[in-house]
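**Q** give the three-dimensional model of this entry:
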Amino acid sequence: YPCIVITAKGQPDVASRMFLSRIASELQIPVLALVDSDPYGLKILSVYMSGSKNMSYDSASLTTPDIKWLGLRPSDLNRYDLPDQCRLKMTDNDIKTGKELLQEAFIMKNPEWMKELQRMVKTKEKAEIQALSSFGFQYVTEEYLPRKLREGDWI
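**A** Presented below is the predicted three-dimensional model:
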């Protein structure tokens with residue numbers, strides 16, 4: 001499936017955001033985000049989507065408004081039978097951040113994102129992308145991503 005899959009370590013830098021915006025515009029193929037299943041993964045996704053609040057003056061060349069959430073989503077934890085030892089208990093700060101995100105426009109305008117974030121806050125569970133490696137070193141590239149792409153499982 002022709003697409004761009006993006007992931008990040010921490011907040012996306014300006015050069016990465018500009019590159020993604022340009023390549024998505026020129027290639028006209030979907031951009032899918034693979035982020036941790038926690039409130040901060042969604043914050044990273046929001047910066048790719050609508051830019052950072054600090055740089056709102058230059059959002060046109062730094063955003064990818066049609067980016068989709070590929071994973072790791074809260075529903076994936078059960079769907080892919082992620083072992084209990086790979087599921088992390090959310091801290092009070094995580095839960096607070098998750099509840100604050102539920103009030104953000106980029107979440108509220110997408111009912112499926114709302115449902116996923118509500119699930120995360122309710123279960124108080126989070127997981128990092130690397131938790132999928134508990135199934136094997138190549139699980140993400142050989143099983144998880146191909147299945148998600150084949151099934152069109154992004155929101």
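
**Q** any weak-confidence spans in the chain?
**A** Counting by pLDDT under 70, the chain contains low-confidence residues at 53-59.

**Q** OK, contacts around the residue most central in space within the chain?
**A** Closest to where the C-alpha atoms of the chain average out (Cα atoms, centre = their mean) is Val35, at 3.9 Å. Val35 makes contact with 7-8, 41-42, 44-45, 69, 71-72, 129, according to Cβ atoms under 8 Å, 6 or more residues apart in numbering. The way it works is simple: take the backbone N, C-alpha and C, and place the C-beta from them, glycine included.

**Q** tell me which of those is nearest to Asp81?
**A** Leu72 (13.3 Å; Cβ to Cβ).

**Q** just give me the neighbour total for the nearest residue to the closest one once chain neighbours are set aside.
**A** Distances taken as Cβ to Cβ, 6 or more residues apart in numbering put Ser37 closest to Leu72, at 4.2 Å, once the chain neighbours are dropped. A count of neighbours around Ser37, defined by other Cβ atoms under 10 Å, yields 25.

**Q** how near is Ser37 to Ser21?
**A** 25 Å (Cβ to Cβ, to the nearest Å).

**Q** quick one, strands of this structure?
**A** Here the chain has its strands, by DSSP state E, at 4-6, 31-34, 68-71, 88-89, 125-126.

**Q** out of the ones you listed, flag the one nearest Asn78.
**A** It is, among the strands of the chain and with distance given as Cβ to Cβ, strand 125-126, at 9.6 Å.

**Q** who touches that closest one?
**A** Counting by Cβ under 8 Å, 6+ apart, 36-39, 74, 77, 87-90, 94, 120 sit against strand 125-126.

**Q** filter the residues you listed to the buried ones?
**A** With burial judged by 16 or more other Cβ atoms under 10 Å, the buried subset of these is 36-39, 74, 77, 87-88, 90, 94, 120.

**Q** using PDB, write out every CA atom in stretch 127-145.
**A** Coordinates of the C-alpha atoms in stretch 127-145 are reproduced here as PDB (Å, rounded to 0.1, in the frame of the first residue of the first chain):
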ATOM      1  CA  ALA A 127       2.100   1.200  25.800                       C
ATOM      2  CA  GLU A 128       5.100   2.200  23.800                       C
ATOM      3  CA  ILE A 129       5.700   1.100  20.200                       C
ATOM      4  CA  GLN A 130       8.600  -1.100  21.200                       C
ATOM      5  CA  ALA A 131       6.200  -3.200  23.300                       C
ATOM      6  CA  LEU A 132       5.200  -4.900  20.100                       C
ATOM      7  CA  SER A 133       8.800  -6.300  19.900                       C
ATOM      8  CA  SER A 134       7.700  -8.600  22.700                       C
ATOM      9  CA  PHE A 135       6.400 -10.800  19.900                       C
ATOM     10  CA  GLY A 136       9.800 -10.700  18.100                       C
ATOM     11  CA  PHE A 137      12.300  -8.300  16.800                       C
ATOM     12  CA  GLN A 138      10.700  -8.100  13.300                       C
ATOM     13  CA  TYR A 139       7.100  -8.200  14.400                       C
ATOM     14  CA  VAL A 140       6.400  -4.500  13.700                       C
ATOM     15  CA  THR A 141       7.700  -4.700  10.100                       C
ATOM     16  CA  GLU A 142       6.700  -8.300   9.300                       C
ATOM     17  CA  GLU A 143       3.300  -8.500  11.000                       C
ATOM     18  CA  TYR A 144       1.900  -5.400  12.600                       C
ATOM     19  CA  LEU A 145       2.400  -2.800   9.900                       C
END
